[in-house]
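Trainee: coordinates for the following, if possible.
(chains A and B)
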Amino acid sequence: DAKTTQPTSMDCAEGRAANLPCNHSTISGNEYVYWYRQIHSQGPQYIIHGLKNNETNEMASLIITEDRKSSTLILPHATLRDTAVYYCIVRVDNAGNMLTFGGGTRLMVKP
Amino acid sequence: GAVVSQHPSRVICKSGTSVKIECRSLDFQATTMFWYRQFPKQSLMLMATSNEGSKATYEQGVEKDKFLINHASLTLSTLTVTSAHPEDSSFYICSASTGYGYGYTFGSGTRLTVV
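Mentor: Predicted coordinates for the structure are as follows:
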């Protein structure tokens, strides 16, 4: 799986949009971009994933650049409960293929 | 949605004893489950891949005789930490694929403390 690069930490004001970047310049054509988050002392939670089109669900939006070398996860109205470590992972969408976690971005939402 | 149940959530054991952690897929069948370990302030590290009906595949540096994995059914995988030592104290997390293109669903994790 391709490696990803994320900022170590970010702050965001409550109620504002949180934009979390991820670089994956060596991504292959069949690799998806996945985002998970891990709230302290819990298992990771799936957020969203995409191949090349932008995606949106009830939790977040995923913006993937046209060359697919980077992406941004957007939490439109961050709340204190969104404080977590956010992991960007690229992988082939295969049920037998494990997830490889990098360092992630520690997002702190402040009142 | 797909749910993975992991038990116990927290366990304290004496050094030298064994501890079993269960991971169940509640509403789907999981032919493959994964076991991760996470030390404080570090990322998740894959320990092993558990396949139903066959031997687990362990990552380099993970002792297969110490971390016994059994995946006897499509909904249950167990991790047994044998002869636990304080350095085995960690957060253990399992995950399973739903096969629906949503990546993986994770259990809530087990905090193991060996005293």
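Trainee: give me the residue from chain A nearest chain B.
Mentor: For chain A, the residue closest to chain B is A:Gly43, as judged by CB to the nearest CB, at 3.5 Å. Glycine gets a C-beta too; all of them are placed from N, C-alpha and C.
Trainee: contact partners for the residue nearest to that residue when sequence neighbours are not counted?
Mentor: Leaving aside its sequence neighbours, A:Gly43 sits nearest to B:Phe106 (CB to CB, 6 or more residues apart in numbering or on different chains; 3.5 Å). Contacts for B:Phe106 (CB atoms under 8 Å, 6 or more residues apart in numbering or on different chains) come out as A:Tyr36, A:Gly43, A:Pro44, A:Gln45, B:Val4, B:Ile93, B:Cys94, B:Ser95.
Trainee: filter those down to the buried ones.
Mentor: Neighbour counting with 16 or more other CB atoms under 10 Å in any protein chain shown marks A:Tyr36, A:Gly43, A:Pro44, B:Val4, B:Ile93, B:Cys94, B:Ser95 as buried within the contacts of B:Phe106.
Trainee: out of those residues, who's nearest B:Phe39?
Mentor: Comparing the buried ones among the contacts of B:Phe106 against B:Phe39 with CB to CB places B:Ile93 closest, at 12.0 Å.
Trainee: secondary structure element holding A:Thr72?
Mentor: Per DSSP states H and E, A:Thr72 falls inside strand A:70-75.
Trainee: that strand close to chain B?
Mentor: No: applying CB under 8 Å from any CB of the partner chain, one finds strand A:70-75 out of contact with chain B, separated by at least 14.2 Å.
Trainee: got any ranges where the chain has weak pLDDT?
Mentor: Because you didn't say which chain, this covers chain A. A:1-2, A:95-96 (pLDDT under 70).
Trainee: my question was about chain B, not that one.
Mentor: In chain B, residues with pLDDT under 70: B:1, B:98-103.
Trainee: around chain A, which positions in it sit nearby?
Mentor: Neighbours of chain A within chain B, by CB under 8 Å from any CB: B:4, B:6, B:31-32, B:34, B:36, B:43-46, B:49, B:91, B:93, B:95, B:97, B:99, B:101-109, B:111.
Trainee: can you select the buried ones from those in ChimeraX?
Mentor: Entered in ChimeraX, the line below selects the buried ones among these, by 16+ other CB under 10 Å:
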select /B:4,6,31,32,34,36,44,46,49,91,93,95,97,103,104,105,106,107,109
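Trainee: hang on, the earlier thing: what does the strand holding A:Thr72 contact?
Mentor: A:12, A:17-25, A:33, A:35, A:47-48, A:50, A:59-65, A:82, A:86, A:88.
Trainee: could you redo the last one with a cut-off of 6 Å?
Mentor: Contacts to strand A:70-75, defined as CB atoms under 6 Å, 6 or more residues apart in numbering or on different chains, come from residues A:17-23, A:33, A:35, A:60-64, A:82.
Trainee: so which of those residues are in strands?
Mentor: With DSSP state E as the criterion, strands contain A:Ala18, A:Asn19, A:Leu20, A:Pro21, A:Cys22, A:Asn23, A:Val33, A:Trp35, A:Ser61, A:Leu62, A:Ile63, A:Ile64 from among the contacts of strand A:70-75.
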